[in-house]
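Asker: Return atomic coordinates for the entry below.
(one chain, ligands or ions: 2)
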Amino acid sequence: MSAVTELEIRRPDDWHLHLRAGAMLDGITPSTTADFARAIIMPNLVPPVVTTADAEAYRTRIMAAVPQGDTFEPLMTLYLTGVTDPDDVAAGAASGLIKALKLYPAGATTNSESGIRDIETAYPVLERMSEIGLPLCMHGEVTDPDIDIFDREAVFIDRVLIPLRARFPDLRIVMEHVTSRQGVDYVRSQEKNLGATLTVHHLIINRNAYLVGGIKPHFYCLPVAKRETHRLALREAATSGDSRFFLGTDSAPHADPAKESACGCAGIFTAPTAMSCLAHVFEQENALDKLEAFVSLNGPAYYGLPVNEERLRLVRGEAPLEWPKRVSTGAGPVTVFDPGFPLFWRVEKGAKG
Ligand code: NCD
Ligand code: ZN
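Answerer: Ligands and ions are numbered 1, 2, ... in the order given. This is a model prediction of the structure:
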């Protein structure tokens, strides 16, 4: 059988994306809207997107950053705090604006200081979300200083997620950016109301990427990339076609000086080459026929949204793709994720729609 060199799929969505604000928003939004039709927009701005009114204003700001000619729908989320108002959440969901809430354990990651310290403070909101079927996106890591950073996801499942699902069995949860074999196994063990996003970079790098041969801040993100055995489990899950797993890039840009620092920020900017990297990974796994499920079908099915009618065409060239090492923005240059191998798959421009 000759190798596949062209692939046409429904236009993909990104179920976990950081678009930031201000000049950064303007600079990096086109990297996503070129290829993706929709994205779940993370609310961890400073200050965070907490109310439906905040989300409305943020949505308007995002739309102003979408280049002419691109069609893009931001799927807005609210940042769950201890004082989130269930009525505001329900009204936002009923209007169609709010597609999910995001739970950050306080201190778990970038801009998570307003997050949840005591999960019981969120019970009234979680109760209402269960009733109306609004998904909860979870950053699944404990923050206890006595828990090793490589174990924080696995411990979160035992200490937080399992009890929460027992308390709210009807709550629809998305375990965001799963990075461990334990995470994959747990998702697989659950029959309903649990989906999971997987990033591009966690399918490609393990912890050697940021620790071997000098400290490499552009491979540092949260949750941190783990051992090779975990990366292999993530690849297996992504390429299996299992509808519980879908793409959430967690593309999280920071200007280079903030990353290349004695205390560098967590976050990897993958948006510009996300589809090229994914086609490469799925090709390596002999699973190009499962790519559409992962990027275009499983996510909408879990969120109860229609699939995209537009199409996107991927072509495998003979020569390696030229891709920008950096995107310049009004907030400074942002380094693009380097997968460490040449990319051959490109999104054919002008082929969508
Ligand atoms: C994200 C960011 O920079 O906002 N960073 C990251 O490493 N993924 C926050 C997050 O999703 O954890
Ligand atoms: Zn994120």
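
Asker: Contacts only, for the residue nearest to Met24 when sequence neighbours are not counted.
Answerer: Distances taken as C-beta to C-beta, 6 or more residues apart in numbering place Ala331 nearest to Met24, at 4.1 Å, with adjacent residues excluded. For every residue, glycine as well, the C-beta is placed using N, CA and C. When contacts are counted by C-beta atoms under 8 Å, 6 or more residues apart in numbering, Ala331 touches Arg20, Gly22, Ala23, Met24, Gly27, Ala255.

Asker: so the closest residue to the last one other than its chain neighbours bridges to which residues?
Answerer: What that stands for is Ala255. Counting by C-beta to C-beta, 6+ apart, Ala255 lies nearest to Gly332, which is 3.3 Å off, once chain neighbours are set aside. Assessed by DSSP bridges, Gly332 has beta-bridge partners Thr329.

Asker: Count the residues that sit near Gly332.
Answerer: Counted with other C-beta atoms under 10 Å, the neighbours of Gly332 add up to 16.

Asker: Ligand 1 contacts on the chain?
Answerer: Residues of the chain found near ligand 1 (C-beta under 6 Å from any ligand atom) are His18, Asn44, Thr109, Thr110, Asn111, His139, Cys221, Leu222, Asp250, Ala252, Ala266, Gly267.

Asker: Surely the second one and Ala106 touch.
Answerer: No. At 11.8 Å, Asn44 and Ala106 do not qualify as touching, with contact defined as C-beta atoms under 8 Å.

Asker: Show me the common contact partners of those two, please.
Answerer: Contact with both Asn44 and Ala106 is made by residues Ser112, according to C-beta under 8 Å, 6+ apart.

Asker: Give me the more crowded residue out of those two.
Answerer: Asn44 (22 against 14).

Asker: Tell me how far that one lies from Cys263.
Answerer: Taking C-beta to C-beta, to the nearest Å as the measure, Asn44 falls 18 Å from Cys263.

Asker: Stretch 195-207 spans what distance, first to last residue?
Answerer: Terminal residues of stretch 195-207 lie 25 Å apart, using C-alpha to C-alpha, to the nearest Å.

Asker: Could you pick out the longest helix of this structure?
Answerer: Criterion DSSP state H: the longest helix present in the chain is helix 52-65.

Asker: From the contact counts, what lies against the next helix or strand after that one?
Answerer: Using DSSP states H and E, the helix or strand that directly follows helix 52-65 along the chain is strand 73-79. Strand 73-79 sits against strand 38-41, helix 52-65, helix 86-94, strand 98-103, with contacts defined as 3 or more C-beta pairs under 8 Å, 6 or more residues apart in numbering; DSSP states H and E.
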